[in-house]
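Okay, here's the prediction I keep looking at, along with the sequence it came from:
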Amino acid sequence: MKMILLCYPADEADLKLVSAAAPDHEIVVGSQDSVSPALQNAEIFCGHIKSAVDWQAVTAKGNLKWIQSSAAGLDHCLVPAILNSDVAVSGASGLFADQVAAQAMALVYGLLRGLPVFFRNQLAKVFERISLDDIRTRDVAVLGCGGNGQRIARLLAGECRKLVATDLFPSSVDHQGRYSVVHADETDQVLKESDIVICTLPLDASTTGFLDERRLNLIRPGGYLINVGRGKLVDEVALVSLLQSARLRGAGLDVFATEPLPESSPLWEMPNVILTPHVGAQSPTRNRDVTLLFCENLRRFNNRLPLINLVDKGLGMPRPENRLETAWRSADWATGRAIP
Ligand code: OXD
């Protein structure tokens, strides 16, 4: 019997849903410790691997046909052995867009409205009024306009003075005339015209260190950086120094170059920083949402239909026509979640 290996916190109800969608498969639940050897025997894997995997051995065995990532980011499985193989990869991009956008809003408004200062003052019982910033006078850039970026842009457009998003496929973005979208090649110009930069980019070889010292210095003086993508997109050392010199006024970070963030990081102590521990995608329905996407993709896999969020390995992400937003928009997939 062929095997489906799961490595995410699936409960009994999730397992029932997966069994019903794949009655001819054995379903095995792996732990982070056991996942690497088990992967060699699996035909299908759904999960997020945080431990070391011998991907070369997995592809050499030849059993694995498809990886469904339970994380939005694909850096855990888009490794050279998989990129150079026939193993299909589909992501969870956009599945947690509501939550990631809510996290981004908390970070943006928290910074503008002084929460890091007020939290410290609350602990010290200090009742001090300070002057605060206002989104209406600020221009916003959203880097990366996939599922997360689109949701963030939709929430902030109309609240800020001007919002410009960047994307590799600007014409595919459903901006409904509420904000503009330009090609990612124009990022430098967009940064120069922005006070608040929200980074939602995926991490791959081409985006590692994308917000380096030079690009961080293009953001308008007194600007803010919000990162809900991946920590390694940003040069953290340069960021710290720009925050220390007040060249940047604040940062809201959910992701870090090293996670957990080392105790030695100056970011912990900085009064103009809000840190959250990579929780942007968390919600009470997260695991069920993964299961429902996986079951729909199992149906597609079994019927040789295009997978939702099928990754174009050349791009390192799904092409627009395969993105979850496209499936939602064309209403060919509904899971009981509200269609945005
Ligand atoms: C992520 C996630 O990719 O939590 O960050 O899904």
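Everything's here; your move. Numbering: from 1, shown residues only.

Make sure I44 is actually in contact with A88.
No - in this structure, I44 is not within contact of A88 by Cβ atoms under 8 Å, at 9.5 Å. All C-beta spots, glycine's among them, are computed from the backbone N, C-alpha and C.

between these two, who's got more neighbours?
Ranked by neighbour count (other Cβ atoms under 10 Å), I44 and A88 place I44 first, with 25 against 18.

so who does the closest residue to the ligand within the stretch 151-300 of the chain touch?
Of all residues in the stretch 151-300 of the chain, A281 sits closest to the ligand, with a separation of 3.6 Å (Cβ to the nearest ligand atom). The contact partners of A281, taken as Cβ atoms under 8 Å, 6 or more residues apart in numbering, are 71-72, 96, 99-100.

which sections of this structure are below the confidence cut-off?
Within the chain, the stretches falling below the threshold (pLDDT under 70) are 328-340.

Return the residues of it in contact with the ligand.
Taking Cβ under 6 Å from any ligand atom as the measure of proximity, the chain contacts the ligand at 71-73, 96, 281.

Can you list which of those residues are found in helices?
Among those, no member falls in helices (DSSP state H).

Looking at neighbours, which among these is most surrounded?
The most neighbours of any of the residues of the chain next to the ligand, using other Cβ under 10 Å, belong to A72, which has 26 neighbours.

Now that residue, what are its backbone angles?
Backbone geometry at A72, expressed as degrees, to the nearest 10, gives phi -70, psi -40.

wait, it sits on S90?
No - at 11.8 Å, A72 does not count as touching S90 under the criterion of Cβ under 8 Å.

Which residue ranges of the stretch 151-300 of the chain form helices?
With helices called from DSSP state H, counting those that start in this stretch, the stretch 151-300 of the chain shows them at 187-192, 213-216, 236-244, 286-302.

now for the longest one, which elements pack on it?
The contact analysis (3 or more Cβ pairs under 8 Å, 6 or more residues apart in numbering; DSSP states H and E) places helix 286-302 against helix 12-21, strand 44-47, strand 66-69.

before we move on, the earlier item: contacting residues around the closest residue in space to the residue of the stretch 151-300 of the chain closest to the ligand that isn't next to it in sequence?
By the measure of Cβ to Cβ, 6 or more residues apart in numbering, the closest residue to A281 outside its immediate chain neighbours is F96, 3.6 Å from it. With contacts defined as Cβ under 8 Å, 6+ apart, F96 is in contact with 72, 148, 280-281, 283, 286, 289.
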